[in-house]
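Visitor: Build me a model from this:
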Amino acid sequence: MNVLAKKLSFQARHSLRENWLCQNRVRELLSHEQGSADGMTAFQLDRLRRTLETSTRRIPAYSDLKIPSSPERLLAFFRNNVPVVCKCDLIESRSAYYPNGGEAWPWTISGKTSGTTGTPLDVFRSFNSVIWENAFIHRHWHWSGFSKGMRRASLRGDQVVPLERKTPPFWFENGVDHQLLLSTRHLNTDNAGQFADALRHYKPFLLQAYPSAAFVLAQSLEKLGEKLELPWVFTASEMLYPYQRELIEARIGRVMDFYGMAERVAFASECEFGNLHINTDYSFVEILDEHNQPTEGEGFVVGTTFHNHAMPLVRYRLSDRTRWKPGTCPCSRLYPMIEPIQGKFEDVLLGSTGCAVSPSIITFAFKGVSNIDSSQVAQVGQGCWEIRVVPGKHYTDQDGAQVVKNIHTMVDSGLVLKVEVKKEIPRTQSGKYRWVVNEWKQRNGKGIS
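Guide: As a prediction, this is how the structure comes out:
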């Protein structure tokens, strides 16, 4: 695509997403932060009713629901009469959970999951929901002090320049949105300094980035003994691990994380005090245990959409796990807090005894180990992990042996570990990087969904 075509494409995208409708909704969302808890509860019940009513008309699986007229009875009815569903239900019973028998019209907007677990999914979206999504993102940026017209940069999965390009520029300025788009697919330790120079020249107020991409950039800056000192880095779309946050904040800028997904049934945004807040005006979120019961402990994120009436998802269970965080945030916003997302259930590794091991704990085994440019930890069998490393310039077998020793000391002494040296760690088609991956298809005798 030539430069003129790119500019026209971004102008069209701007007209669709950054229009007066979006700005009006940003103002509406900001006004919610000044409201009362009772007002938010009333808002949620109203939106929940609208979603259920739409579901009875558009989604065959809910056609027989008899929604009570009383707002006081709605929540109990919802929890007792509406089943929890998951991705496998949508895939296996498409005609029941999709409008129009699952057939998309030529004008249907369809969002797709990245398919990192091997089962990609498409979700029909309304134009209205696209505008709402953008408005929620803008509100989150507003929490950092960002306002319309400020410069921002993006280091995500955008197809910015041809994949075959070998020399800079690996970026493109989207002038209509005051945005510098940088190609994640071209970023590596050899040319990261050039990416840093482009950001220094552009001087964005915030950088949107995949955590893994921002981490590669931060690692390179550390090796060069340099800093960017951008005001903010907004991370999303991947797990953000503590070791990544630490280096990104030391070398690039302060991090604000965001949790969302292609199904758009939950939206959690980190505030300026470092707490992750569920946006209760975005969807109705529950945290349920393995038996689909509410829990104050760690459970699955279950969400019901408020804004996508083209294909409402009702009590849709994600594979992500977290728990409610008690207390009150100093930011004083109404939205309840959750603990950092613990990652997809499919990517939880099992130790030698069969118990789940937190990815965050595994990161400690790599801290302080030199000469590894990137890595991936994969479960390949019962009690067996493969440590894949992309070697740095001065890598030796001793570096890999140190990681093995650290895992045995800090994580699980009974694990069988194998180090594999790789030229690169493959990314998904959307450019995402999976640092921890469970490739063992037998988990206590059950396949991974």
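Visitor: what's near enough to touch the closest residue to Glu28 other than its chain neighbours?
Guide: Nearest residue to Glu28 in three dimensions, chain neighbours excluded: Ala135, at 7.8 Å (C-beta to C-beta, 6 or more residues apart in numbering). Quick note: C-beta positions are derived from backbone N, CA and C, even for glycine. Each residue near Ala135 by C-beta atoms under 8 Å, 6 or more residues apart in numbering is listed here: 22, 25-26, 28-29.
Visitor: Please spell out the ChimeraX selection for the buried subset of the residues you listed.
Guide: Restricted to buried positions by 16 or more other C-beta atoms under 10 Å, the ChimeraX selection for these reads:
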select :22,25,26,29
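Visitor: Would you convert the contacts of Ala135 into TSV that also reports secondary structure and pLDDT?
Guide: Listed next are the contacts of Ala135 as TSV, based on DSSP: H, G, I helix; E, B strand; the rest coil; pLDDT from 0 to 100:
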residue	secondary structure	pLDDT
Cys22	helix	92
Arg25	helix	95
Val26	helix	96
Glu28	helix	95
Leu29	helix	96
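Visitor: from the contacts of Ala135, which is closest to Asn191?
Guide: Closest approach to Asn191 among the contacts of Ala135 (C-beta to C-beta): Cys22, at 34.7 Å.
Visitor: Show the average pLDDT along the helix or strand that contains Val123.
Guide: Assigned by DSSP states H and E, Val123 falls within strand 122-125. Across strand 122-125, the average pLDDT comes to 94.
Visitor: before we move on, the earlier item: out of the contacts of Ala135, who's nearest Ser183?
Guide: Ser183 lies nearest to Cys22 out of these, by C-beta to C-beta, at 26.1 Å.
Visitor: State the distance from that closest one to Val130.
Guide: 9 Å (C-beta to C-beta, to the nearest Å).
Visitor: now do Phe300
Guide: 26 Å.
Visitor: again with Leu415
Guide: Distance from Leu415 to Val130, by C-beta to C-beta: 45 Å.
Visitor: Skipping its backbone neighbours, what lies nearest Glu286 in space?
Guide: Spatial nearest neighbour of Glu286, chain neighbours left out: Val302 (4.4 Å); criterion: C-beta to C-beta, 6+ apart.
Visitor: What is the neighbour count of Thr167?
Guide: 8 (other C-beta atoms under 10 Å).
Visitor: What strand or helix carries it?
Guide: Using DSSP H and E, Thr167 sits within no helix or strand.
Visitor: returning to what we had before: any idea how far the strand holding Val123 is from the chain center?
Guide: 17 Å (C-alpha atoms, centre = their mean, to the nearest Å).
Visitor: Show residues contacting it.
Guide: 98-99, 104, 108-113, 262-264, 308, 310-311, 313.
Visitor: how about a cut-off of 10 Å?
Guide: For strand 122-125, contacts defined as C-beta atoms under 10 Å, 6 or more residues apart in numbering pick out 58, 90, 94, 98-100, 102, 104-105, 108-113, 129, 133, 261-265, 305, 307-313, 316.
Visitor: For this structure, just list every one of the helices.
Guide: 3-17, 20-32, 37-58, 71-81, 87-92, 94-97, 127-142, 192-202, 211-224, 242-251, 359-363, 397-410 (DSSP state H).
Visitor: Can you say which of these is packed in most?
Guide: Highest mean neighbour count among those (mean count of other C-beta atoms under 10 Å): helix 211-224, with a mean of 22.
Visitor: Does that helix pack against any helices or strands, and if so which?
Guide: strand 152-155, helix 192-202, strand 206-209, strand 230-235, helix 242-251, strand 253-259, strand 372-381 (3 or more C-beta pairs under 10 Å, 6 or more residues apart in numbering; DSSP states H and E).
Visitor: Is it possible to get JSON lines of those that adds mean pLDDT?
Guide: Converted to JSON lines, these look like this (pLDDT from 0 to 100):
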{"stretch": "strand 152-155", "mean pLDDT": "96"}
{"stretch": "helix 192-202", "mean pLDDT": "95"}
{"stretch": "strand 206-209", "mean pLDDT": "96"}
{"stretch": "strand 230-235", "mean pLDDT": "97"}
{"stretch": "helix 242-251", "mean pLDDT": "92"}
{"stretch": "strand 253-259", "mean pLDDT": "97"}
{"stretch": "strand 372-381", "mean pLDDT": "88"}
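Visitor: between these, which gets nearest to Ser144?
Guide: Nearest to Ser144, of all the helices and strands packed on helix 211-224, is strand 230-235, at 4.6 Å by C-beta to C-beta.
Visitor: What pairs with that closest one, parallel or antiparallel?
Guide: Paired with strand 230-235 in the same sheet, following DSSP bridges, are strand 206-209 (parallel), strand 253-259 (parallel).
Visitor: Out of those strands, flag the one nearest Trp232.
Guide: With C-beta to C-beta as the criterion, Trp232 lies closest to strand 206-209 of the strands paired with strand 230-235, at 4.2 Å.
Visitor: Keeping just the C-alphas, turn that closest one into PDB.
Guide: Extracted C-alpha coordinates of strand 206-209, given in PDB (Å, rounded to 0.1, in the frame of the first residue of the first chain):
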ATOM      1  CA  LEU A 206       1.700   7.900  25.400                       C
ATOM      2  CA  LEU A 207       2.900   4.700  23.700                       C
ATOM      3  CA  GLN A 208       0.400   1.800  23.100                       C
ATOM      4  CA  ALA A 209       2.200  -1.400  23.000                       C
END
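Visitor: List the buried residues of that strand.
Guide: Buried positions in strand 206-209, judged by neighbour count with 16+ other C-beta under 10 Å: 206-209.
Visitor: returning to what we had before: want to throw the helices of the chain into CSV with distance to Trp435?
Guide: Putting the helices of the chain into CSV (distance: least, C-beta to C-beta, whole Å) gives the following:
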stretch, distance to Trp435
helix 3-17, 31
helix 20-32, 33
helix 37-58, 35
helix 71-81, 36
helix 87-92, 22
helix 94-97, 32
helix 127-142, 24
helix 192-202, 18
helix 211-224, 7
helix 242-251, 9
helix 359-363, 7
helix 397-410, 13
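Visitor: And these, which one averages the lowest pLDDT?
Guide: helix 359-363 (a mean of 68).
Visitor: ok, now how distant is Lys418 from Leu16?
Guide: Taking C-beta to C-beta as the measure, Lys418 falls 49 Å from Leu16.
Visitor: That'll do, ta.
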